[in-house]
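Participant: Pasting a predicted model and its sequence here:
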Amino acid sequence: MDDVDKATMTVDETVEVTGKIGDEEINQVIKYKSTTKLH
């Protein structure tokens, strides 16, 4: 078994959406985390 078989990539992202539609203000924070095995 080599180390390549155990390689993983973790993506930890925060997306912030701010803006205005008409008179309505939008302020949203989206957080997500994903782990992918590389092989």
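Facilitator: Right, received. Where do you want to start? Numbers count the residues shown, from 1 in each chain.
Participant: Tell me who's in contact with the nearest residue to K31 once chain neighbours are set aside.
Facilitator: Among residues not flanking K31 along the chain, T14 sits closest, at 5.0 Å (C-beta to C-beta, 6 or more residues apart in numbering). Every residue, glycine included, has its C-beta placed from N, CA and C. By C-beta atoms under 8 Å, 6 or more residues apart in numbering, the contact list for T14 reads V29, I30, K31.
Participant: Pull up the pairing partners for the helix or strand harbouring T14, direction included.
Facilitator: T14 is part of strand 8-21, with elements assigned from DSSP states H and E. Within its sheet, strand 8-21 is paired with strand 24-37 (antiparallel), according to DSSP bridges.
Participant: CA atoms only for the strand it pairs with, dumped as PDB, please.
Facilitator: The C-alpha trace of strand 24-37 is given here as PDB (Å, rounded to 0.1, in the frame of the first residue of the first chain):
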ATOM      1  CA  GLU A  24     -34.900  43.600  -0.400                       C
ATOM      2  CA  GLU A  25     -31.400  43.200   1.000                       C
ATOM      3  CA  ILE A  26     -29.700  39.800   0.700                       C
ATOM      4  CA  ASN A  27     -27.000  38.700   3.100                       C
ATOM      5  CA  GLN A  28     -26.300  35.100   3.000                       C
ATOM      6  CA  VAL A  29     -23.300  33.000   4.100                       C
ATOM      7  CA  ILE A  30     -23.000  29.500   2.700                       C
ATOM      8  CA  LYS A  31     -20.400  27.100   4.200                       C
ATOM      9  CA  TYR A  32     -19.600  23.800   2.900                       C
ATOM     10  CA  LYS A  33     -16.900  21.200   3.300                       C
ATOM     11  CA  SER A  34     -16.100  18.300   1.000                       C
ATOM     12  CA  THR A  35     -13.500  15.600   1.000                       C
ATOM     13  CA  THR A  36     -12.400  13.800  -2.100                       C
ATOM     14  CA  LYS A  37     -10.300  10.700  -2.400                       C
END
